[in-house]
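**Q** Just the structure for this:
(3 chains)
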Amino acid sequence: MALPPEFYDRDALEVAYALIGCRVRHAGVTLRITEVEAYRAGDTANHARVGRTARNAPMWGPPGHAYVYLCYGMHHLLNFVTGPEGEAAAVLMRGGEPVEGLDLVRERRRGRDGPTLCDGPGKVAAALALTTAQSGSRLDGPLEVLPRAEEPSLIVGPRIGIGYALPADQAAPWRVALAGSPWVGHRRGLRPLPPSPGAGPAQGFASPTGSAAIT
DNA sequence: ACAAGGATCCTCT
DNA sequence: GAGGATCCTTGTT
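**A** Just a heads-up that it's a prediction; the model follows:
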């Protein structure tokens, strides 16, 4: 059974922690999630920093939906919309391990093989055959996310490719990965997740100035 | 209508 | 480690 919308109705970082080890299924392929990044409300790395637009509209909608967009004119990237409706936040899937439909994945990844099949966000969407056509879709339909069986061991680090964001947001350890997994790219900068207190996600994340521009 | 830049991937050095 | 591919989205004229 797919995870219910309520699963996603909390802070994006909490959802990011909870998604590692879960499975994503679409078009004959299932991937175990090994790497994600949280894009929170009020985050200057978040596409929603410019307010609501046609592209990022799914992020402002209810939780439990997909936000898929085209990056660099070539690559599609899959996000899971989190938090309440009206607040724009999401979790980007950056890596996965094929557990079903490996032949399809090889095909969609142009005959490649091994751990580099799905160790980047563009590769993940390619493996799952996702495009902007799926942006806004529910996550309990043809595209679905299934719960994990065991508590994974997590490692965290700064997010990739967000040099345009404020320094504090660039440095925030909101990238989350499965410890020891070969299905994770850019290993440098990842370290074990510290125990509960400290950089925990549950406590207040004060949104910086001017987050919500409703147009 | 125009210009700038991007939550990347691949190849080559 | 560096650079090109490639085109949509966004903000500006």
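**Q** quick one: low-confidence parts of chain A?
**A** A:196-215 (pLDDT under 70).
**Q** Where do the strands of chain A begin and end?
**A** Remark: strands assigned in chain A by DSSP state E are A:23-26, A:29-39, A:66-71, A:75-81, A:90-100, A:144-146, A:154-157, A:175-178, A:191-192.
**Q** what lines up beside the second one in the sheet?
**A** On the basis of DSSP bridges, the sheet neighbours of strand A:29-39 come out as strand A:23-26 (antiparallel), strand A:90-100 (antiparallel), strand A:175-178 (antiparallel).
**Q** Report whether that strand contacts DNA strand C.
**A** No: judged by CB under 7 Å from any atom of the strand, strand A:29-39 stays clear of DNA strand C, getting no closer than 13.8 Å. Using the backbone N, CA and C atoms, a C-beta is placed for each residue, glycine as well.
**Q** roughly how far is that strand from the heart of the chain?
**A** Chain-centre distance of strand A:29-39: 6 Å, with CA atoms, centre = their mean, to the nearest Å.
**Q** so that strand versus strand A:66-71, what angle?
**A** For strand A:29-39 against strand A:66-71, the angle by axes from the mean of the first three to the mean of the last three CA atoms, to 10 degrees is 80 degrees.
**Q** go on, the fourth one?
**A** Here strand A:75-81 runs at 150 degrees with respect to strand A:66-71, directions being taken by the same axes, to 10 degrees.
**Q** What's the separation between the residue most central in space within chain A and A:A45?
**A** Residue closest to the average C-alpha location in chain A (CA atoms, centre = their mean): A:L92, at 2.0 Å. From A:L92 across to A:A45, the span is 10 Å (CB to CB, to the nearest Å).
**Q** Give the residues shared as contacts by the two.
**A** A:Y39 (CB atoms under 8 Å, 6 or more residues apart in numbering).
**Q** Residue numbers of chain A in contact with DNA strand C?
**A** Chain A has residues A:47, A:50-51, A:53-56, A:69-70, A:72-74, A:132 near DNA strand C, with proximity defined as CB under 7 Å from any atom of the strand.
**Q** repeat that with 6 Å
**A** With the criterion set to CB under 6 Å from any atom of the strand, chain A comes near DNA strand C through A:V50, A:T53, A:A54, A:R55, A:N56, A:L70, A:Y72, A:G73, A:M74.
**Q** most surrounded residue in those residues?
**A** A:N56 (20 neighbours; other CB atoms under 10 Å).
**Q** How about that residue: what's its closest non-neighbour residue?
**A** Closest residue to A:N56 apart from its sequence neighbours, by CB to CB, 6 or more residues apart in numbering: A:H47 at 4.6 Å.
**Q** So that neighbour is in contact with A:M59, correct?
**A** Yes: with contacts counted by CB atoms under 8 Å, A:H47 reaches A:M59, the gap being 7.0 Å.
**Q** Have a look at the two and say which one is more surrounded.
**A** Taking other CB under 10 Å, A:H47 and A:M59 do not tie; A:M59 has more neighbours (28 against 17).
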